[in-house]
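A.B. asks: the sequence and its predicted three-dimensional model are supplied below.
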Amino acid sequence: MEGEKSSIQKLQDFAKSTGRDIKSSEDAYSSNAMQPIVYHKRLVYIKNHPNSNTFFTCFSDPKNVSGIAHCSGVFFSLPVSKSTKISIRKKFITDKLNFFSNNENNKTGSQNFDSKVVFEKYQLTGADRIFTNTRVQEIIKNALEFDLRLRVGINGVDVSFVPELKEESHFGIYTTQDWFEEPEKIEILFKFVEKIRTYVIRENEPNLIL
């Protein structure tokens, strides 16, 4: 009886069925008598289409020094300072009851947006107009409603294993929990991020780096 496919195999099937290119790797960490469990580092990235610089990426690394062992989402490179660190999530009832939250200081000036999100990280260098764009705000709100695990941000996780994103700042919509494997959800993430990309990356737009 054929066993259940692994996450990487499912994503390989997705890439093949949609005509996309996929790169993946899986490496085992060394084990010994003191630590007999064999841990694996798994990496996957799928380019949306040949002319796109948008990637669906996944990694699983239980020994990641950043403390983030898993990540799955869609990213694109962004011409802002690498010191920019933004992380946004949906605002829940418990946040509204926390009157002493430091996150309340991080506002875009839009009540309609600020009342729906929490800025977990807010180190802004030249990217403020991205998050004050009302069209981008609507897409972010829709994404955070689509899956409550999602985060939206800039330079929130390490995706340097994607050559086109290495040494670059990046914008992403992602989760640091399970991998996305369902084709329809991956396509929705691509759509969210591609829409945002059209608003923040313009061919004739001045460089955003300050």
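C.D. replies: Received, thanks. Numbering: from 1, shown residues only.
A.B. asks: what's the neighbour count on the closest residue to residue 22 other than its chain neighbours?
C.D. replies: Residue nearest to residue 22 in three dimensions, not counting chain neighbours: residue 15, with 3.7 Å by CB to CB, 6 or more residues apart in numbering. To be clear about C-beta, it is placed using only N, CA and C from the backbone, and glycine gets the same treatment. The local packing of residue 15 (other CB atoms under 10 Å) involves 20 other residues.
A.B. asks: do I have it right that residue 15 meets residue 23?
C.D. replies: No: taking contacts as CB atoms under 8 Å, residue 15 lies outside contact range of residue 23: 9.4 Å.
A.B. asks: identify the contacts common to these two.
C.D. replies: residue 46 (CB atoms under 8 Å, 6 or more residues apart in numbering).
A.B. asks: how many other residues sit next to residue 27?
C.D. replies: 10.
A.B. asks: er, residue 45 actually
C.D. replies: Neighbourhood size, residue 45 [other CB under 10 Å]: 22.
A.B. asks: quick one: it and residue 75, what's the gap?
C.D. replies: Distance of residue 45 to residue 75, given as CB to CB, to the nearest Å: 9 Å.
A.B. asks: what do you get for residue 198?
C.D. replies: Residue 198 is 15 Å from residue 75, by CB to CB.
A.B. asks: then residue 157?
C.D. replies: 9 Å.
A.B. asks: of the two, which one has the most company?
C.D. replies: Using other CB under 10 Å as the criterion, residue 157 and residue 75 rank with residue 75 on top: 27 against 22.
A.B. asks: please, which helix or strand holds the nearest residue to that one once chain neighbours are set aside?
C.D. replies: If the residues on either side of it in the chain are set aside, residue 75 comes closest to residue 172, at 3.9 Å by CB to CB, 6+ apart. Using DSSP states H and E, residue 172 sits within strand 170-175.
A.B. asks: so what sits against both of residue 45 and residue 75?
C.D. replies: 55, 57, 159, 162.
A.B. asks: got a list of what the last one touches?
C.D. replies: Contact criterion CB under 8 Å, 6+ apart gives 45, 55, 57, 75 as the residues in contact with residue 162.
A.B. asks: which residues touch the longest helix along the chain?
C.D. replies: Ordering each helix of the chain by length in residues (DSSP state H) puts helix 183-200 first. Residues outside helix 183-200 that contact it (CB under 8 Å, 6+ apart) are 14, 17-18, 46, 48, 52, 54, 56, 73-76, 78, 130, 133, 135-136, 139-140, 142-143, 146-147, 171-173, 180.
A.B. asks: just these: which are in helices?
C.D. replies: 14, 17-18, 130, 135-136, 139-140, 142-143, 146.
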